[in-house]
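**Student:** Next comes the sequence, and after it the predicted model I'd like to discuss.
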Amino acid sequence: MPLDVLKANAFDANGNEFVYSRFRNRTNPYFTLSEQFNNVNRDRTFGNVAIKYNFLPWLFVQGRIGQDYWSRAQDYNNFPTGQASRPPAPAGFQMEFIPKNQSDSEK
């Protein structure tokens, strides 16, 4: 199917995905691009410190320490409301929206 036909027919009269094939799992890419999202924000801080002391030209002591800290906030909707391969959403339900926050520290 030509892409310009898919682009022109991404939505039906109700604002749902236009069904262009008898196989409902074939999603129109223009519907997906406009309705599905995946936002990821990452913050990361890392660093290390090393110290070395020479007792003799051939003998030394050395110490190292490092830290790696990260946090990530993500929100996404895997299956937007109106997608042809999914059954209609109940009244008042807009979409599957999943916010996630993660953080971790490594030494």
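**Tutor:** Cool, got the structure. Numbering: from 1, shown residues only.
**Student:** In the protein, which residue is most central in space?
**Tutor:** Centroid check for the chain by Cα atoms, centre = their mean gives Asn38 as the closest residue, at 4.1 Å.
**Student:** Count the neighbours of the residue nearest to it when sequence neighbours are not counted for me.
**Tutor:** Nearest in space to Asn38, with sequence neighbours left out and distances taken as Cβ to Cβ, 6 or more residues apart in numbering, is Tyr76 at 4.2 Å. Where C-beta positions appear, they are placed from N, C-alpha and C, glycine not excepted. Counted with other Cβ atoms under 10 Å, residues neighbouring Tyr76 total 14.
**Student:** Quick check, Tyr76 in contact with Asn39.
**Tutor:** Yes: with contact defined as Cβ atoms under 8 Å, Tyr76 counts as touching Asn39 (6.9 Å).
**Student:** Bridge partners for the residue of the chain most remote from its centre, pull those for me.
**Tutor:** Of all residues in the chain, Leu56 has its C-alpha farthest from the mean position, at 54.0 Å, by Cα atoms, centre = their mean. In this entry, Leu56 is beta-bridged to Leu59, by DSSP bridges.
**Student:** ok, now Trp70?
**Tutor:** Bridge pairing for Trp70 - DSSP bridges - gives Arg44, Asp104.
**Student:** can you pull the contacts of it?
**Tutor:** By Cβ atoms under 8 Å, 6 or more residues apart in numbering, the contact list for Trp70 reads Arg42, Asp43, Arg44, Thr45, Ser103, Asp104.
**Student:** Name the nearest residue to the second one, ignoring sequence neighbours.
**Tutor:** It stands for Asp43. Per Cβ to Cβ, 6+ apart, closest to Asp43 is Ser71, 5.0 Å.
**Student:** count of residues packed around that neighbour?
**Tutor:** So Ser71, with other Cβ under 10 Å, has 14 neighbours.
**Student:** Val40 versus that one, what's the distance?
**Tutor:** Separation of Ser71 from Val40 (Cβ to Cβ, to the nearest Å): 11 Å.
**Student:** Tell me where the model's unsure across this protein.
**Tutor:** Filtered on pLDDT under 70, the chain yields the residue ranges 24, 79-81, 85-99, 105-107.
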